[in-house]
Structures are given as structure tokens and as C-alpha cells.
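A.B. asks: Predicted structure and sequence below. I'll ask about it afterward.
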Amino acid sequence: MKIIAVTFAVALVALICGCQTKFAPKSLAQKTITFSYDDFGPESLASQWLGPRDPAARIVIHHGQTENTLRRRHPEPGNRFITARRALYHTGRTLRQLPAGSAGRTRVRATFTALRAFDNDRRAAASAVPPFAGRGASRRMALIH
């Protein structure tokens, strides 16, 4: 009886996914988020890691794609490609250097919050493995022994 229920559930999921049009889930590595240069604070702080300010430039945050792939997906000239971990690090440093209550700090705080949510998807996926396989097994074994 249990085998029939499992088979029915698998068939139902396959049917639902098969009936979806344009069902193509993105892997975490393909996801990007785009910001403007001003979202990372004043030029005096942001230029140290983003380079000189360019009004047309967009800052594309990614999870480690190759530059060729990013240039194909974001062909606009002047785009800057930064990994999510690096952007989090530098945005956190900028937050500590800006005075409390300033408008610039509020904008950088909003950017930092969006970056944390973007990076948290990757962290949650890395942690969501079964306890008997992959990183989950070694992490849990380290806790046990």
C-alpha cells in the first residue's frame, strides 16, 4: 500500500511539473541582483572596491559565475561584476564608516539587507542537505564525535 501511495505522489508531482509552461528553475549560481553605484555609499568609500563612479554603470552581484557568462547575460557597457560575499564584506565596512542617521547610511543599510537576503538563499541551500549525505553528514558527525 505504501508503494502505491509513493508512486502516486511521484506521478502527481511529475504531472504537475510537466503541465507547467516555461517551468525552468534557476540554479543558485545563475541568479544575480543589480544595484546602482550610489547604493553602495559615497564615491569616496565605494571607489576603493568598485572603481571610479560611472553614471551608466550597474553593479551586478552574483554567486560566482564566470565573467563571460555574466557579460552575455548583462551586455550593457560599464557593468561591474561583484561576488555576493565581497559585496557583503565591503558594504558592511561602509556601514561602519558612515555616521548614524545619515541618508547615505540608510541607503547602504537597505543595500546590505538586500544582499543578505540574496546570499541567504545560497547559505540555506548549502545547509539543506540530508543528514546522511554530503556536507550534512560530515557536519553532523563532527557534532557527534
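C.D. replies: Received the coordinates, thanks.
A.B. asks: going forward, measure contacts between C-alpha atoms and count neighbours the same way
C.D. replies: Noted.
A.B. asks: name the helices or strands packed onto the helix or strand hosting A87?
C.D. replies: Element membership for A87 (DSSP states H and E) is helix 84-97. Packed against helix 84-97, as judged by 3 or more C-alpha pairs under 8 Å, 6 or more residues apart in numbering; DSSP states H and E, are the following elements: helix 43-50, strand 58-62, helix 103-127.
A.B. asks: The second one: partners in the sheet, and parallel or antiparallel?
C.D. replies: Strands that pair with strand 58-62, judged by DSSP bridges, come out as strand 32-36 (antiparallel), strand 80-83 (parallel).
A.B. asks: and the next element down the chain from that strand?
C.D. replies: helix 67-73.
A.B. asks: With respect to burial, which of the helices and strands packed on helix 84-97 scores highest?
C.D. replies: strand 58-62 (a mean of 21; mean count of other C-alpha atoms under 10 Å).
A.B. asks: Could you list the residues in contact with that strand?
C.D. replies: Residues from elsewhere that reach strand 58-62 (C-alpha atoms under 8 Å, 6 or more residues apart in numbering): 29-37, 78-84, 87.
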